[in-house]
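Engineer: model the following, please.
(2 chains)
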Amino acid sequence: GENVEQHPSTLSVQEGDSAVIKCTYSDSASNYFPWYKQELGKRPQLIIDIRSNVGEKKDQRIAVTLNKTAKHFSLHITETQPEDSAVYFCAAASGGSYIPTFGRGTSLIVHP
Amino acid sequence: SQTIHQWPATLVQPVGSPLSLECTVEGTSNPNLYWYRQAAGRGLQLLFYSVGIGQISSEVPQNLSASRPQDRQFILSSKKLLLSDSGFYLCAWSDQGLTEAFFGQGTRLTVV
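Structural biologist: Take a look at the predicted model:
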C-alpha cells in the first residue's frame, strides 16, 4: 500500500517568514495530493490540492509543488501569519483505491 | 449543501465498556465513508472505510468494528474498550473518485 512520509514534524518560524513542508510517497500510481490544515481542537480542512497532471498550484499565499519522478510534493506558505499556526497534513491517493493516505502531520508555529 | 454530523463530541468510558460512535452525512448519496483515529504525534490513522452499504474494509487489526447500515450512516463500535482505544476519532466522507475528504467535528474518547 501507499506510504507517505512528512517532514518536519515541527516547524517554528517568525511572522512574515516562509514555511515549507515536504512529503514523499511510495506508490507511483498515486495521482491526487491534498493538503489539510487542522487548527487546535478542530477538524482537518482542505486548503489546497494538486493532481498529477500539473507541477505547481497557487492560491494566494499558499502553493504546492509536485515532482512525480522523485515522488515528492511540498507545501509552501509565504508571508506567514500567526493564524497560520496549525497542524498541516499531506496525503496521497490513487485512482485505484481513492483512499487517501495521510502523513503524520507538521505542527507549524508562527511567532508574532 | 453537504454536511457531516458526528457525535458525541467527548466521551469518557470505563475499560471494558461498549462503544458506539455515529456519523451521518446529508446532502449527498453513495459517499465514501471513513473512520480515522488521531493520536498525539501520529497523524491520521485510517481505521475503516466503506464504499457502499454493508461494505466495510479494515486497515488495521484492532478492538474496533464498523458498520454502514444505511447509505449515509457510519458507526464505529467496540464490545469492550481498552485503555489504548483512547484518542480523537474522526469520521469523514468523500464523493466517489479522487476528491476532497470532509471531516466531522471529531469525538474525543477517553477510556479510564
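Engineer: give the contact list for residue B:98.
Structural biologist: Applying C-beta atoms under 8 Å, 6 or more residues apart in numbering or on different chains, we find residue B:98 in contact with A:31-32, A:51, A:93-95, A:98. Placement of C-beta: from N, CA and C, glycine included.
Engineer: spell out the secondary structure type for it.
Structural biologist: Three-state assignment for residue B:98 (DSSP: H, G, I helix; E, B strand; the rest coil): coil.
Engineer: distance of it relative to residue A:83?
Structural biologist: Going from residue B:98 to residue A:83 by C-beta to C-beta, to the nearest Å gives 29 Å.
Engineer: what sits against the residue nearest the centre of chain B?
Structural biologist: For chain B, the residue whose C-alpha lies nearest the mean C-alpha position (C-alpha atoms, centre = their mean) is residue B:35; its distance is 3.1 Å. Neighbour list for residue B:35: B:23, B:46-49, B:66, B:74, B:76, B:89-92 [criterion: C-beta under 8 Å, 6+ apart].
Engineer: got a list of what the closest residue to residue B:60 other than its chain neighbours touches?
Structural biologist: In space, and not counting its chain neighbours, residue B:60 is closest to residue B:47: 6.5 Å by C-beta to C-beta, 6 or more residues apart in numbering or on different chains. The contact partners of residue B:47, taken as C-beta under 8 Å, 6+ apart, are B:35-37, B:58-60, B:62, B:64, B:66, B:76.
Engineer: again with residue A:76
Structural biologist: A:18-20, A:62-65.
Engineer: pull the CA atoms of the helix or strand hosting it into CSV?
Structural biologist: In this structure, residue A:76 sits in strand A:72-77 according to DSSP states H and E. Taking Å, rounded to 0.1, in the frame of the first residue of the first chain, the C-alpha atoms of strand A:72-77 are listed here in CSV:
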residue,chain,number,x,y,z
HIS,A,72,7.6,14.1,-3.6
PHE,A,73,5.4,17.2,-3.1
SER,A,74,5.7,20.2,-0.9
LEU,A,75,3.6,22.9,0.6
HIS,A,76,4.9,26.5,0.6
ILE,A,77,3.4,29.2,2.7
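Engineer: partners of it, with directions?
Structural biologist: strand A:19-25 (antiparallel), strand A:62-67 (antiparallel) (DSSP bridges).
Engineer: would you reformat those strands as a markdown table and include mean pLDDT, mean neighbour count and distance to residue B:85?
Structural biologist: Output for these, formatted as a markdown table (pLDDT from 0 to 100; neighbours: other C-beta atoms under 10 Å in any protein chain shown; distance: least, C-beta to C-beta, whole Å):
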| stretch | mean pLDDT | mean neighbour count | distance to residue B:85 |
| --- | --- | --- | --- |
| strand A:19-25 | 98 | 20 | 28 |
| strand A:62-67 | 97 | 18 | 35 |
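Engineer: can you pull the pLDDT of residue 28?
Structural biologist: Defaulting to chain A. pLDDT for residue A:28: 91.
Engineer: not what I meant, chain B
Structural biologist: Confidence score, pLDDT, at residue B:28: 91.
Engineer: so it touches residue B:2, yeah?
Structural biologist: Yes. The pair residue B:28 and residue B:2 qualifies as a contact (C-beta atoms under 8 Å) at a distance of 4.8 Å.
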